[in-house]
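>>> sequence unavailable; structure follows:
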């Protein structure tokens, strides 16, 4: 309904939902893979890094269930990079852990390292310089009701 109404920023999500539905109903590997790839392509072209990563993860999970470890590994690897770009480091770590669990298909990407040895760290939630500027501009941060 929203896509028909001209909300072009929803097309990639509609395509992802169609791919998910097709993955449940169809046994045609190539048709389902193409549906996921369509959603990924549109999310990339429209600049939705987070939705692009989600589509990669869902495609990776589906490929893993279908026994296509190499394809799953490719999707998870791309998803990890996208999550890193979006600063969602815990989600990137999730994708890397899935790569490690895929065994040999994912081992070439991370050389069999344990997830804890990949040195994955999140960014600091608040930059002290930004907090200092905020305190100077609007009073004490502790007085805010967050």
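Everything's here; your move. Values in this document were obtained by computation on a predicted structure and should not be read as measured data. Residues are numbered from 1 along each chain as shown.

>>> can we go C-alpha only for contacts and neighbour counts from here?
Noted.

>>> now residue 92, nearest residue through space, not along the chain?
Excluding its sequence neighbours, the residue lying closest to residue 92 (C-alpha to C-alpha, 6 or more residues apart in numbering) is residue 80, at 4.1 Å.

>>> in three-state terms, label the one you found for me.
What DSSP: H, G, I helix; E, B strand; the rest coil gives for residue 80 is helix.

>>> mind listing the strands for this structure?
With strands called from DSSP state E, the chain shows none.

>>> below-threshold pLDDT in it: ranges please.
1-8, 104-146 (pLDDT under 70).

>>> how about the helices of it, start to end?
Assigned by DSSP state H, the helices in the chain fall at 11-25, 29-45, 49-65, 69-85, 89-101, 104-110, 128-138.

>>> in the fourth one, what's buried?
Going back to what we said before, that points to helix 69-85. For helix 69-85, a neighbour-count test (16 or more other C-alpha atoms under 10 Å) marks 69-84 as buried.

>>> how far away is residue 46 from residue 95?
When distance is defined by C-alpha to C-alpha, to the nearest Å, residue 46 is 23 Å away from residue 95.

>>> quick check: residue 36 touching residue 19?
Yes. Contact criterion C-alpha atoms under 8 Å: residue 36 and residue 19 qualify, at 5.4 Å.

>>> before we move on, back to that, of residue 46 and residue 95, who's got more company?
Neighbours around residue 46 and residue 95, counted as other C-alpha atoms under 10 Å, are more numerous at residue 95. The numbers are 25 against 14.

>>> where does residue 68 fall, phi/psi-wise?
For residue 68, the backbone dihedrals (degrees, to the nearest 10) come out as phi -90, psi 80.

>>> quick one: contacts for it?
The contact partners of residue 68, by C-alpha atoms under 8 Å, 6 or more residues apart in numbering, come to none.

>>> let's go with 10 Å and repeat that
Residues near residue 68 by C-alpha atoms under 10 Å, 6 or more residues apart in numbering: 29, 60-62, 102, 105.

>>> in CSV, list those along with neighbour count and distance to residue 10.
Output for the contacts of residue 68, formatted as CSV (neighbours: other C-alpha atoms under 10 Å; distance: C-alpha to C-alpha, whole Å):
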residue, neighbour count, distance to residue 10
29, 14, 25
60, 29, 22
61, 20, 22
62, 21, 22
102, 17, 32
105, 17, 33
